[in-house]
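J.: pasting the structure only:
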């Protein structure tokens, strides 16, 4: 596709359930980021994938959060045993990740609501 | 101390005025600096990048970087109501390649 695609666009779930959020980056982009944005707040870094390197997981808020990237392309962010404080917009972004070209292209996000 | 700090605003300027947005960062090893614009309910989009000390101009936008002071700013000349948005400062940390965002400054340009 022409841009970063995220699905679902909206997800409503009950507290304690597991959710999976999907990101399909721009073809050829080796870097993929997940961010979380709560209402009226900035972007909170979650995890970063770069090619075949080990991901930078330093932003994951708890062990309930995990992410994988298969074949260097599609990524899935999984939240286990969701809590109400997990409610936010989850944004995925990709980039070419060259030293002087780190323009991030963002998807439209997944609005997660935990009831 | 937050890694990237911005005044949250809101900042209001009249149409045609210069809007000045400021950002400070804590990692002296940071090498890449970006300004993203985010309209309400939309995803961020890149408007400026800067990598070396000094000014960089692109149309009505000017980014300014001072690594000694760990300070980066964005000037918007001839502000238009369509510039009303939240402006996010982003910095690549020196050791990691992750991009760290500030909390954003909400700008309103009054017609």
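T.: That came through, no problem. It should be emphasised that the depicted structure is a prediction, and the values quoted were computed from it without experimental measurement.
J.: Only C-alpha atoms from now on, for both contacts and neighbour counts.
T.: Noted.
J.: wait, what's in contact with the residue in chain A that chain B sits nearest to?
T.: Among all residues of chain A, residue A:42 sits closest to chain B, at 3.8 Å; criterion: C-alpha to the nearest C-alpha. By C-alpha atoms under 8 Å, 6 or more residues apart in numbering or on different chains, the residues touching residue A:42 are B:88, B:101, B:102, B:103, B:104.
J.: Can you give me the distance of the closest residue in space to residue B:14 that isn't next to it in sequence to chain A?
T.: Distances taken as C-alpha to C-alpha, 6 or more residues apart in numbering or on different chains put residue B:110 closest to residue B:14, at 4.7 Å, once the chain neighbours are dropped. Counting by C-alpha to the nearest C-alpha, to the nearest Å, the gap from residue B:110 to chain A is 21 Å.
J.: how deep is residue B:110 tucked in, by neighbour count?
T.: If you count neighbours by other C-alpha atoms under 10 Å in any protein chain shown, residue B:110 ends up with 16.
J.: Pop out the phi and psi values for it.
T.: Per-residue torsions, residue B:110: phi -90, psi 130 (degrees, to the nearest 10).
J.: Touching, it and residue B:83? I think so.
T.: No. Judged on C-alpha atoms under 8 Å, residue B:110 makes no contact with residue B:83 at a distance of 10.0 Å.
J.: before we move on, what SS does residue A:59 have?
T.: Put simply, residue A:59 is coil when judged by DSSP: H, G, I helix; E, B strand; the rest coil.
J.: show me the contacts for it.
T.: Residues near residue A:59 by C-alpha under 8 Å, 6+ apart: A:44, A:45, A:46, A:47.
J.: I'd say the first one and residue A:33 touch.
T.: Translated: residue A:44. No. With contact defined as C-alpha under 8 Å, residue A:44 does not count as touching residue A:33 (10.8 Å).
J.: Give me the more crowded residue out of those two.
T.: Neighbour comparison, residue A:44 and residue A:33: the larger count goes to residue A:33, with 25 against 20 (by other C-alpha under 10 Å).
J.: for residue B:46, which residues make a bridge with it?
T.: Beta-bridge pairing of residue B:46 under DSSP bridges involves residue B:36.
J.: pretty sure it contacts residue B:35?
T.: Yes. The pair residue B:46 and residue B:35 passes the contact test of C-alpha under 8 Å, sitting 6.1 Å apart.
J.: what about the residue in chain B that chain A sits nearest to, neighbour count?
T.: Of all residues in chain B, residue B:103 sits closest to chain A, at 3.8 Å by C-alpha to the nearest C-alpha. By the criterion of other C-alpha under 10 Å, residue B:103 has 24 neighbours.
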